[in-house]
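Visitor: Just a sequence and a predicted model for now, questions to come.
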Amino acid sequence: MITAGKVISTIEAGVATITFSHPQSNSLPGELLRSLAASISEHGSNSAVKVIVIKSEGDKTFCAGASFDELISITTLEEGRIFFSGFAMVINAIRLAPKFVIARIQGKAVGGGVGVAAAADYAIAHTSADVKLSELAVGIGPFVVGPAVERKIGKSAFGTLSINATAWHPAQWAHEKGLFSEVHDDLESVDNSVAKLASRLSGSSPEAMKQLKSVLWEGTSHWETLLPERAEMSGTLVLTDHAKNAISRFKQGTR
């Protein structure tokens, strides 16, 4: 049985804080992805919420990406499509929420974790928040998160991350490319910056923020169909022998 992890949320002074966690370095199994997407959508439609903060539990890894346990268990195209559609749901939920979404990135982000950081409207990170898109190394490709990442850092930098799939890129690189809006040397500074920005935004005009977000996301309405199509691409590839063998090697720590 695959441990689902959990998503919890709180609302205080107009700020909704959504925290996800998983015992395997905050990885993202399908159930957790669907819960995260639902929570974002719920708070996006709640008039009492003015701004949303997404964070993960702990002070180390922000998100290890897709759950390898679930990836290795996929046996049909439909199972693969449903699993990768979870990432599409999270990204589209952030995109469609009429409120700004701030991501608190306290440590390394891999694959889908990079996608969450990229989809956020403003990402505040710690210097330990190295990033990696490892999908190609396991025989898939960053197809679902790709549009969100490319939108933030451009096609060239996205290509660098995608092609050199086993290399970590430091938080400062991510900051320079536009993935992270801020990078801080200690977690207290990260948390203070998140709190200050969320507080300021909670007092801003909701309609002005809604319209500004619409402007910032202009040209992405086709993601409603694009991301599910990309999920099917990944769902097909995860069934190949190459992907199954590569994922097994990663799970065993032999690659």
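Guide: Sure, I can see it. Note that the structure is a prediction, hence the values are computed from the model and not measured. Numbering: from 1, shown residues only.
Visitor: Contact partners for residue 237?
Guide: Contacts for residue 237 were tallied using C-beta atoms under 8 Å, 6 or more residues apart in numbering; they are 139, 140, 141, 243. C-beta: built from backbone N, CA, C; applies to glycine.
Visitor: quick one: contacts for the second one?
Guide: Taking C-beta under 8 Å, 6+ apart, we find residue 140 in contact with 234, 237, 238, 243.
Visitor: Top of the contacts of residue 237 by number of neighbours, please.
Guide: Of the contacts of residue 237, residue 140 is surrounded by the most neighbours, 27 neighbours in total, counting by other C-beta atoms under 10 Å.
Visitor: Residue 37 contacts residue 85, correct?
Guide: No. Using C-beta atoms under 8 Å, residue 37 makes no contact with residue 85, being 9.6 Å away.
Visitor: coming back round to it: nearest to residue 108, of the contacts of residue 140?
Guide: The nearest member of those to residue 108, counting by C-beta to C-beta, is residue 234 at 21.5 Å.
Visitor: From residue 241, how far out is the closest one?
Guide: In this view, residue 234 and residue 241 are 16 Å apart by C-beta to C-beta, to the nearest Å.
Visitor: which residues in the stretch 1-150 of the chain form helices?
Guide: For the stretch 1-150 of the chain, the helices defined by DSSP state H, counting those that start in this stretch occupy 30-44, 68-73, 77-96, 112-119, 146-163.
Visitor: Who are the packing partners of the shortest one?
Guide: In this case it means helix 68-73. Counting contacts by 3 or more C-beta pairs under 8 Å, 6 or more residues apart in numbering; DSSP states H and E, helix 68-73 packs against helix 77-96, helix 241-252.
Visitor: How about the shortest one, which residues are buried there?
Guide: Think helix 241-252. Using 16 or more other C-beta atoms under 10 Å as the test for burial, helix 241-252 gives 243, 244, 246, 247, 250.
Visitor: measure the last one to residue 65 for me?
Guide: Using C-beta to C-beta, one gets 11 Å for the distance from residue 250 to residue 65.
Visitor: what do you get for the first one?
Guide: Separation of residue 243 from residue 65 (C-beta to C-beta) stands at 14 Å.
Visitor: which stretches of the stretch 151-255 of the chain have low pLDDT?
Guide: For the stretch 151-255 of the chain, the stretches flagged by pLDDT under 70 are 251, 253-255.
Visitor: all strands of it, in order?
Guide: With DSSP state E, counting those that start in this stretch as the definition, the stretch 151-255 of the chain shows strands at residue ranges 182-184.
Visitor: Which residue ranges of it form helices?
Guide: Using DSSP H, counting those that start in this stretch, helices in the stretch 151-255 of the chain cover 171-177, 187-202, 206-216, 223-237, 241-252.
Visitor: can you list contacts of the first one?
Guide: It stands for helix 171-177. Counting by C-beta under 8 Å, 6+ apart, 105, 117, 125-131, 152-154, 157, 180-183 sit against helix 171-177.
Visitor: tell me which residues of it are tucked away?
Guide: Residues of helix 171-177 classed as buried: 171, 173, 174, 175, 177 (neighbour count, 16+ other C-beta under 10 Å).
Visitor: Let me have those residues in TSV, adding distance to residue 59 as columns.
Guide: Below are the buried residues of helix 171-177 laid out as TSV (distance: C-beta to C-beta, whole Å):
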residue	distance to residue 59
171	15
173	22
174	19
175	20
177	24
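Visitor: Mind telling me the two of these farthest from one another?
Guide: Farthest apart among the buried residues of helix 171-177 by C-beta to C-beta are 171 and 177. That separation is 10.7 Å.
Visitor: that older thread, quick one, which of the helices of the stretch 151-255 of the chain is nearest to residue 164?
Guide: With C-beta to C-beta, the closest approach to residue 164 among the helices of the stretch 151-255 of the chain belongs to helix 171-177: 11.9 Å.
Visitor: Output that closest one as CSV, nothing but the C-alphas.
Guide: C-alpha atoms of helix 171-177 as CSV (Å, rounded to 0.1, in the frame of the first residue of the first chain):
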residue,chain,number,x,y,z
ALA,A,171,19.0,28.1,-5.7
GLN,A,172,20.9,31.1,-6.9
TRP,A,173,20.7,29.8,-10.5
ALA,A,174,16.9,29.3,-10.1
HIS,A,175,16.7,32.9,-8.7
GLU,A,176,18.7,34.3,-11.7
LYS,A,177,16.5,32.5,-14.1
